[in-house]
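Undergrad: Please find the sequence and the predicted model below.
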Amino acid sequence: MDEPIAFIQIRITEEHPWCGRLLMEIRPTQVLTGGRIVTIIRDGRQLTARGSTRLLPGDIVVAGGESVDGKAWGTLNELTIGPGHPWVDRPVKDLPLQEGCSLVAIRRSGALFIPDGSAIICAGDLVILNEGTSD
């Protein structure tokens with residue numbers, strides 16, 4: 001295999017448009033063009049992704065596909081935000097990130113979430129940064 005594969009997870013909530021639907025009812029373009037659903041994680045168990053699998057609230061859908069242009073588009077780094085850190089109580093959209101750097105996830109109180117620009121950084125957060133490529 002010449003191209004690296006990238007994986008993403010999609011959390012199915014009661015409001016998610018895929019909730020209650022069979023995998024065969026979800027068009028591939030709704031996941032990834034050129035990608036596919038690889039597995040479903042339900043109640044801590046890995047399920048085979050079959051067309052007859054119905055997605056339920058709480059499911060985690062793992063999808064995979066070729067990485068962009070077959071290369072890595074960044075380096076992920078973790079940063080723990082201490083009580084005196086200048087980012088505490090600031091929204092993500094106002095963080096002084098370098099060009100090409102983005103905050104992609106926050107782990108708070110054991111839960112991982114993908115923030116929008118209005119998410120407030122708290123002391124104790126573990127932030128995951130994509131710091132771009134070095135070339």
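TA: That came through, no problem.
Undergrad: which residue packs closest to residue 60, ignoring adjacent ones?
TA: Take residue 60 and drop its neighbours on the chain: the residue closest to it by C-beta to C-beta, 6 or more residues apart in numbering is residue 41, 4.1 Å away. The C-beta positions use only the backbone N, C-alpha and C, and glycine is treated the same way.
Undergrad: Quick one: mean pLDDT over the host helix or strand of that neighbour.
TA: Assigned by DSSP states H and E, residue 41 belongs to strand 36-42. Strand 36-42 shows a mean pLDDT of 84.
Undergrad: Distance of the residue of the chain most remote from its centre relative to residue 59?
TA: Distance from the C-alpha centroid of the chain, by C-alpha atoms, centre = their mean, peaks at residue 84 (27.8 Å). Distance of residue 84 to residue 59, given as C-beta to C-beta, to the nearest Å: 40 Å.
Undergrad: Over to residue 119?
TA: Separation of residue 119 from residue 59 (C-beta to C-beta): 24 Å.
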